[in-house]
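**Q** how would this look folded up:
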Amino acid sequence: MLSCLLVDDLERKVQEIREAIQDEVGIENVDIVHVGSANAAAEQLRARAFDLLIIDLNLPLRGGVSPARDGGIRLLRQVVRGTAGIIRPLSIIGVTAFEEIAREAVEEFRLHGWVLVTYAPEGGSWHEAIVNQCLHVTTCKKRILEERVQPDVDVCIITALFDTELEAVLDLPYDWETVAVPGDDTRYSMGVTQGGGRSIDVVACACPEMGNCAAAVTVHKTLQLYRPRLCILAGICAGISAEVGDVAVAEFSLHYDSGKWTEGEGGEAAFLPEPRYRPASSRALESFRRFNVEHQATVAGVSSLWRGDRPERALRVEVGPVASGAAVIENGAIVRNLKFRDRKLVGLEMESYGFYFAAERNAWGSEYLMIKGVCDRATPPKIDKHQKYAAFLSARMIHEFLIVESQIRGGILG
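**A** So this is what the prediction gives:
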């Protein structure tokens, strides 16, 4: 699948470029995201990795304003610097209908090895140049994937803590064995289960402490060691739209406490939020969505396997953005404030942003997803009554998902 970000404010040109790519590559083989301004493009480039960026040079800096003749170049300079978490695409094509702008930009494009084409509505070589570059990127990506080192294990499960969270994972009937790696203070548990007529190899471990930093370090070194097909963040979280006894799946992780502290007019401290998002891997997310829809009886039945007290309500799976920050929250006002940052927030926890940030940059192509059980609502009184039940829901839901996914030909587990 070729992922392409198309940045242009002229609908006719966008449609012609889109049709040219889809006709040559195949509509089923390309994912084209279109935005019309430099700011919108920067948001997309921070949110996910694209194979190809096609950008108009005469581009509005933001929505609702006139194009700037260097709008595209400004964005490309941000891409080169990696400003504010921008992920650099594999290939870049600049497009302009103005020969003068093309002449001004040609040297900068040459220095960076980018492709620059001059667009004309009546046709011309621009069409072939874009198509050929798409085919080149597609071929290179396919070769990289074919030559990629094969995974050592099928699944890696990471939790924030050993107590309650990892304990719930290790209660799964996987014949666990503890493995120590020289020079590494993390203890890994290796296990195996059967699904779809084949074995599923699993490694599980806990972070040294709670928080995004510990999660990022743990997932990075675990992916380097075991190169799993799928990496899952398990454990417990607070609910926002999700209720106690639900399972929260992070479509995005919102780093809500990033921003700037400054002084107000009266000298008081003021926080200017700059929330940042990191997405789950699209393939893992869509696989779980399919599991949740097509196997509703299995999903609903997970709670009935628990042999202790639990909330008197049916289990729901809530998929959506999850807020992630550095502190344990027990404050209704803070929760209400988070809803203003993103009205669709389903949960709140402390590890998913670091987990997604590190997993997104792994060199092995591992898919990744957060699946946690909801143990409280982050408001007083915050009690531990349902923590073990929520950890159980997370671990057992992951188990049921893996069994179903292992039976899908061409799925995440191969």
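
**Q** from here on, just use CA atoms for contacts and neighbour counts.
**A** Noted.

**Q** all helices of the stretch 151-300 of the chain, in order?
**A** 167-170, 212-226, 282-294, 296-301 (DSSP state H, counting those that start in this stretch).

**Q** pipe those helices into CSV and attach mean pLDDT, distance to residue 60 and mean neighbour count per row.
**A** What follows is those, written out as CSV (pLDDT from 0 to 100; distance: least, Cα to Cα, whole Å; neighbours: other Cα atoms under 10 Å):
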stretch, mean pLDDT, distance to residue 60, mean neighbour count
helix 167-170, 97, 50, 22
helix 212-226, 93, 35, 20
helix 282-294, 94, 29, 16
helix 296-301, 94, 46, 14
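
**Q** for residue 360, phi and psi?
**A** Per-residue torsions, residue 360: phi -60, psi -30 (degrees, to the nearest 10).

**Q** next up, the contacts around the nearest residue to it once chain neighbours are set aside.
**A** Leaving aside its sequence neighbours, residue 360 sits nearest to residue 281 (Cα to Cα, 6 or more residues apart in numbering; 7.4 Å). Residue 281 sits next to 360, 367, 368, 369 when contact means Cα atoms under 8 Å, 6 or more residues apart in numbering.

**Q** part of a helix, is the last one?
**A** No. Residue 369: not assigned to a helix; according to DSSP: H, G, I helix; E, B strand; the rest coil it is strand.

**Q** measure how buried it is and give me the count.
**A** Close neighbours of residue 369, defined as other Cα atoms under 10 Å, add up to 27.

**Q** please apply the same query to the third one.
**A** In terms of burial, residue 368 registers 25 neighbours under the definition other Cα under 10 Å.

**Q** how about the top helix by length along the chain: buried residues?
**A** Determined from DSSP state H, the single longest helix within the chain is helix 125-147. Residues of helix 125-147 classed as buried: 126, 127, 130, 131, 133, 134, 137, 138, 141 (neighbour count, 16 or more other Cα atoms under 10 Å).

**Q** what's in contact with that helix?
**A** For helix 125-147, contacts defined as Cα under 8 Å, 6+ apart pick out 1-2, 17, 20-21, 24-25, 51-52, 90-91, 93, 117-120.

**Q** what about the residue nearest to residue 85 when sequence neighbours are not counted, which helix or strand?
**A** With Cα to Cα, 6+ apart as the criterion, residue 85 has its nearest non-adjacent residue at 5.5 Å, and that residue is residue 46. For residue 46, the element it lies in under DSSP states H and E is helix 38-47.

**Q** which strands or helices does that helix pack on?
**A** strand 2-7, helix 71-81, strand 276-279 (3 or more Cα pairs under 8 Å, 6 or more residues apart in numbering; DSSP states H and E).
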